[in-house]
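Trainee: Below are the sequence and a predicted model; questions follow.
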Amino acid sequence: MIRTLSLAAALLLAVPACAQRHETSERTHIVQENNGHRLEVRMRGDVDFNDDGNWVQRVSPGGSLMVEERSRGTTRRVDFTPGEGGRVDVRYQVDGRARQMDARGREWASVAILQAVRGSGLGARERVAHLRQRGGVPAVLNEVGQMRGDGARRAYYQALLTGQPLSPADMSRVMADVDRRMSSDSERRIVLVHALEHARGEGAMRAILEAAGGMDSDMETRIVLSHALDQGRLPAGAQQAFFHAVDGMGSDMERRIVLTRWLERGGAADAAFFRAVDGIDSDMERRIVLTQALRGGSSEASTVAALHSAARMSSDMEKRIVLSQVPAAQLRNGRVTAAYRAVVDRMRSDHERSIALQRLARGS
């Protein structure tokens with residue numbers, strides 16, 4: 001059984017139109033008009049739908065649902081009210097005259113209700129469970145493919161992820177569907193963050209991060225990647241997908257936030273990390289990441305890689321700040337010293353060069 005407290009919200013999304021909406025805690029009234037088509041919905045109380053989502057199965061005491069459509073000179077209206085013994089009384093009208101709910105009337109009302117369910121994701125949890133029991137994950141994804149809005153898709157994806165655990169193959173299938181169908185990055189981010197909270201195993205994590213890499217918004221990508229890091233250390237097989245998503249970020253600030261979070265969560269300052277750092281054009285943002293990588297006793301290899309990245313920066317001041325963070329214990333290391341001097345050699349400012357060389361001479 002599918003349950004909703006606001007069918008009107010569904011119909012609002014189901015038909016793109018100019019709409020007027022008035023809603024209180026118990027009543028909803030929507031009027032939509034589009035190219036001569038007018039749809040009006042009045043809702044009071046609670047409404048339950050059948051498993052197929054195309055008919056009203058119960059109306060709460062004192063509640064009601066009215067759907068009226070005016071199109072091509074014809075007005076159709078159906079009213080659902082509570083009857084005796086828990087049944088639902090249905091009244092059908094065409095052009096203001098009562099009619100028996102014949103096959104044509106039933107078809108019209110069923111289509112309108114199903115559009116509402118598919119247009120908003122109403123009763124997603126119950127409907128997803130029913131579809132999955134009947135045809136597995138493919139049946140759910142087939143239903144998602146018939147929806148027009150990412151809000152409805154998001155509700156179904158979330159219900160699918162919250163239900164019985166998905167196999168690695170099914171998780172990959174669902175994430176590929178998310179990547180293919182969802183155009184709204186904010187809705188996709190909600191799904192992916194939800195998926196991360198239910199992910200089990202390396203394959204699931206990799207599939208989620210691959211879907212994150214398909215987003216255009218750097219902010220939404222950063223939110224997903226940061227949430228992934230907050231779940232714990234990424235499995236080795238998921239790290240490639242993580243850095244692929246980072247490489248797709250155009251915002252230096254968002255990339256810096258993700259990379260510093262990577263370090264804060266114990267991520268390695270390795271080759272993949274520094275490739276991502278080198279994608280930062282802003283000297284300031286790059287310096288923030290590099291100085292954090294150098295703090296806390298970086299390895300020789302990490303220090304040398306950080307210095308190679310600093311050498312490609314334009315600002316002498318930012319280069320000098322990075323050099324100031326090289327661990328003192330490594331200033332007598334041949335490889336580190338050579339990389340340090342290579343950064344100094346690229347400085348044009350005598351002032352900044354002097355400060356950097358003084359520190360190297362002191363060895364502290």
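Mentor: All right, it came through fine. Just so it is clear, the model here is predicted, and its values are computed rather than measured.

Trainee: What's the local residue count around residue 289?
Mentor: Residues near residue 289, counting by other C-beta atoms under 10 Å, number 27. All C-beta atoms are positioned from the backbone trio N, CA, C, and that covers glycine.

Trainee: What of residue 223?
Mentor: Neighbour count for residue 223, taken as other C-beta under 10 Å: 22.

Trainee: What average pLDDT does the helix or strand that contains it get?
Mentor: For residue 223, the host element (DSSP states H and E) is helix 218-230. For helix 218-230, the mean per-residue pLDDT is 96.

Trainee: and the very next helix or strand once past it with helix 218-230, angle?
Mentor: For helix 218-230, the following helix or strand on the C-terminal side (DSSP H and E) is helix 236-247. Here helix 236-247 runs at an angle of 160 degrees relative to helix 218-230 (axes from the mean of the first three to the mean of the last three C-alpha atoms, to 10 degrees).

Trainee: got the buried residues for helix 236-247?
Mentor: 238, 239, 241, 242, 243, 245, 246 (16 or more other C-beta atoms under 10 Å).

Trainee: what about the helices in the stretch 251-364 of the chain?
Mentor: For the stretch 251-364 of the chain, applying DSSP state H, counting those that start in this stretch gives helices covering 252-264, 271-277, 283-294, 300-311, 316-324, 334-345, 350-362.

Trainee: Between helix 300-311 and the fifth one, find me the angle.
Mentor: Angle of helix 316-324 versus helix 300-311, following the same axes, to 10 degrees, is 170 degrees.

Trainee: Just give me how far stretch 314-334 sits from the chain centre.
Mentor: Offset of stretch 314-334 from its chain centre (C-alpha atoms, centre = their mean, to the nearest Å): 39 Å.

Trainee: ok, now stretch 291-311?
Mentor: With C-alpha atoms, centre = their mean, you get 33 Å for stretch 291-311.

Trainee: what about that stretch, average pLDDT?
Mentor: On average, stretch 291-311 scores 93.

Trainee: Quick one: residues in contact with that stretch.
Mentor: Contact with stretch 291-311 is made by 260, 263, 269-271, 273-274, 277-278, 286-287, 290, 318-319, 321-323, 325-327, 330, 333, 335-336, 339-340, 342-343, 346, as judged by C-beta atoms under 8 Å, 6 or more residues apart in numbering.

Trainee: now do stretch 204-214
Mentor: The contact list for stretch 204-214 (C-beta under 8 Å, 6+ apart) reads 166, 168, 171-172, 174-176, 178-179, 188, 192, 195-196, 199, 221, 224-225, 228, 234-235, 237-238, 240-242, 244-245, 248.

Trainee: Please tell me how far residue 303 sits from residue 109.
Mentor: 71 Å (C-beta to C-beta, to the nearest Å).

Trainee: Repeat that for residue 223.
Mentor: 41 Å.

Trainee: now residue 240
Mentor: With distances taken as C-beta to C-beta, residue 240 is found 51 Å from residue 109.

Trainee: circling back to that earlier point, kindly supply the ChimeraX command isolating those of the contacts of stretch 204-214 that are buried.
Mentor: Applying 16+ other C-beta under 10 Å to those, the buried members can be selected in ChimeraX as follows:
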select :166,171,172,174,175,178,179,188,192,195,196,199,221,224,225,228,234,238,241,242,245,248
